[in-house]
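Asker: Build me a model:
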Amino acid sequence: MKVLTLESYFAPEQYASSRLVSDYYEAFANYGFDTVIYTPSPTRGVSDEVRKQYRKCHKSETLYNGKTTVHRFALYREGKSPVLRALRYLIACIKHFYYGCRNKDADVLFVTSTPPIQGAMAVLVKKITGVPVVYNLQDIFPDSLVGTGLAKKNSVIWKIGRKIEDFTYRNVDKIIVPSEDFKQNIVNKGVLPQKVELIYNWVDENLIVPVDKDDNPLFEELHIERNKFHIVYAGNLGYAQNVKVLLQAADILRNEQGIEFLIFGTGGLKQEYEKFVKENDLDNVKFYPLQPLDKVSQVYSLADASLVSCKKGLGGSAMPSKTWSILATKTPVLCSFDKDGELQRIIEQHQLGLFSDADDAHGLTQNIMTLYQHQELCELYGNNGRKFIEQNLTKEAGTSRYIKALKDTAVKK
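Answerer: Okay, the predicted model is just below:
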C-alpha cells in the first residue's frame, strides 16, 4: 500500500510532535507501507550548515530499510515575521499541491493540520486524483487564533478560518484527533462522529523513562542543586502556553528557599519572561535552552513536579502531549489548565498530580506548596503516572491505531 504524505516539517527538524511523527513513520514501514513524503528543506532547530547539507546532498533519501522515501524542496528559512511565515506556508502548500497531484497512484493521502490550510489543500488534491484523505488534526483552527488573541470571534479572519475548517472537515475521509475534547469540538460543528478517530498522542515508554536523581548528569552539567525541590517547565515559551503563571507563582514563593523553578525552552515571549524575572529580582528561577530529544528523560527527571499550562480559553483546542512524557518519567503533573476538560478528568481520576484553573497563580502556588510539604504525594502521583502510561498510552498501541486508520481509509484495489 502506498501512503503519500505532505509534511510541513520533518527530521532533522526539532518541533513539538517530531518524536510522534518519527514513531508512526517507522511503524508504517515495519508494517509494510510504502510511504512517500514531500517536505521543505529543514528549518526548525537546525543550523545553516545542516540546511546547506540537506539542500545539497539530501534532496531525496530513503529511510527505514527503503520503505520510506523523503523528497525535499527548497524553501527559505522560517523566521519570526508572521507575514513571512504565512507566505512560507502558502508557498509550501502550492508545492505540496503540485506533488500531490503527481502521485495519483497513492492509496491514501495523509496530512496534518499545520499550517491550517494544509487540510483544504489535501482536499483539492483528492478532487483531482481521487485519493482519499486522512487528516491528522493536532490544532483546531481558527479556535486557536481566538484563544491566542490573534483574531476575534466573528472577525473576518475567523470567518475565513471557519470556512476553511468546514470545507476540510466535510471533504476529508477520516479525521484523527488526540483527545475527546477535540472530538466533541468538531462534532459540535457538524462533523459526523463516525468520521472521527480518537488516538491519544502516545509516549515511547522504552525511550522516556525515570532517571534517578543520583544518576542524572544534568545536575552537574547545568549546575543545579540536588537538595532543592524543583518545578520544571520544558517547551515553547509562547502566548498559548502561559508560562507567566509559573513566574507569578515563583514570585509569591520567593522566600521559600527550598523551592527552585527550572525553565527549559525558547519562543516569542522568552525575553519578556527573562525581563520579568530580572525586574522582580527572582533568584529562584533559572532559564536553560531547550534540550535535545534524547535528554527528555533527564529533563523531566530533574523535577519533583512538572508544569503543563495553557492560556485561559485554550484548553478545548489543545492537548499537550508533553503531559505523557512527564508521567513516563514518574514525575507528577502540575496542571494549570481550563477547568472541566479532559485533561483535568484524567489527572484527577488517576491521581497523576494536582490541577488548578488556567491563569490562577495562587491556585498553582497552593498546589506547589502541597507537594513541597507532603513529598510522599510526589512518589504516589509519579508511580501512578508511569503505570497510567504503560496501561494506556504506549507507542505500540498508538501507532497500530494510525495504521488501522490508514488501511480502513485507503483505496480498495
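Asker: Quick check, pLDDT for residue 317.
Answerer: For residue 317, the model assigns a pLDDT of 60.
Asker: now the helix or strand where residue 125 lies, how far from the chain's geometric center?
Answerer: Using DSSP states H and E, residue 125 maps to helix 118-129. Its chain's C-alpha centre and that of helix 118-129 lie 24 Å apart, by C-alpha atoms, centre = their mean, to the nearest Å.
Asker: Also stretch 269-282?
Answerer: With C-alpha atoms, centre = their mean as the basis, the mean position of stretch 269-282 lies at 25 Å from the chain mean.
Asker: before we move on, back to that, for the helix or strand just after the helix holding residue 125, which strands pair with it and how are they oriented?
Answerer: Later in the chain than helix 118-129, the nearest helix or strand by DSSP H and E is strand 133-136. Partner strands for strand 133-136, per DSSP bridges, with pairing direction: strand 108-112 (parallel), strand 174-177 (parallel).
Asker: CA atoms only for the helix or strand just after the shortest one - export them in CSV, please.
Answerer: Translated: strand 174-177. Using DSSP H and E, the helix or strand that follows strand 174-177 in sequence is helix 180-187. Extracted C-alpha coordinates of helix 180-187, given in CSV (Å, rounded to 0.1, in the frame of the first residue of the first chain):
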residue,chain,number,x,y,z
GLU,A,180,-12.1,13.6,23.5
ASP,A,181,-12.4,17.3,23.8
PHE,A,182,-11.1,17.7,20.2
LYS,A,183,-13.7,15.2,19.0
GLN,A,184,-16.6,16.9,20.8
ASN,A,185,-15.4,20.3,19.4
ILE,A,186,-15.6,19.3,15.8
VAL,A,187,-18.7,17.1,16.2
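Asker: still on that earlier bit, got the strands paired with strand 133-136 as CSV, with mean neighbour count, distance to residue 289 and mean pLDDT columns?
Answerer: No exception for glycine: its C-beta is placed from N, CA and C like everyone else's. Listed next are those as CSV, based on neighbours: other C-beta atoms under 10 Å; distance: least, C-beta to C-beta, whole Å; pLDDT from 0 to 100:
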stretch, mean neighbour count, distance to residue 289, mean pLDDT
strand 108-112, 25, 26, 97
strand 174-177, 22, 32, 98
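Asker: any chance of these in CSV, with distance to residue 293 too?
Answerer: Conversion of the strands paired with strand 133-136 to CSV gives the following (distance: least, C-beta to C-beta, whole Å):
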stretch, distance to residue 293
strand 108-112, 18
strand 174-177, 22
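Asker: Of all the ones you listed, which one is nearest residue 268?
Answerer: strand 108-112 (21.8 Å; C-beta to C-beta).
Asker: quick one: the longest helix anywhere in the chain to helix 118-129, angle?
Answerer: Longest helix in the chain, counting residues (DSSP state H): helix 82-101. Helix 82-101 runs at 30 degrees relative to helix 118-129, counting by axes from the mean of the first three to the mean of the last three C-alpha atoms, to 10 degrees.
Asker: returning to what we had before: so which of the strands paired with strand 133-136 is nearest residue 269?
Answerer: Across the strands paired with strand 133-136, closest to residue 269 is strand 108-112 (C-beta to C-beta), at 24.7 Å.
Asker: chain center to that closest one: distance?
Answerer: With C-alpha atoms, centre = their mean, you get 18 Å for strand 108-112.
Asker: Other residues contacting it?
Answerer: Contacts to strand 108-112, defined as C-beta atoms under 8 Å, 6 or more residues apart in numbering, come from residues 1-8, 17, 100, 118-119, 121-122, 125-126, 129, 131-138, 406, 409-411.
Asker: Dump the longest helix of the chain to PDB, keeping only the CA atoms.
Answerer: This file holds the C-alpha atoms of helix 82-101, laid out as PDB (Å, rounded to 0.1, in the frame of the first residue of the first chain):
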ATOM      1  CA  PRO A  82       4.200  36.400  10.900                       C
ATOM      2  CA  VAL A  83       3.900  37.700   7.300                       C
ATOM      3  CA  LEU A  84       7.000  35.800   6.000                       C
ATOM      4  CA  ARG A  85       5.900  32.700   7.900                       C
ATOM      5  CA  ALA A  86       2.500  32.800   6.400                       C
ATOM      6  CA  LEU A  87       4.000  33.300   2.900                       C
ATOM      7  CA  ARG A  88       6.300  30.400   3.500                       C
ATOM      8  CA  TYR A  89       3.300  28.200   4.400                       C
ATOM      9  CA  LEU A  90       1.500  29.300   1.300                       C
ATOM     10  CA  ILE A  91       4.400  28.500  -1.000                       C
ATOM     11  CA  ALA A  92       4.800  25.100   0.700                       C
ATOM     12  CA  CYS A  93       1.100  24.400   0.200                       C
ATOM     13  CA  ILE A  94       1.400  25.300  -3.500                       C
ATOM     14  CA  LYS A  95       4.300  22.900  -3.900                       C
ATOM     15  CA  HIS A  96       2.600  20.200  -1.900                       C
ATOM     16  CA  PHE A  97      -0.400  20.500  -4.200                       C
ATOM     17  CA  TYR A  98       1.800  20.100  -7.200                       C
ATOM     18  CA  TYR A  99       3.500  17.000  -5.800                       C
ATOM     19  CA  GLY A 100       0.200  15.600  -4.500                       C
ATOM     20  CA  CYS A 101      -1.400  15.800  -8.000                       C
END
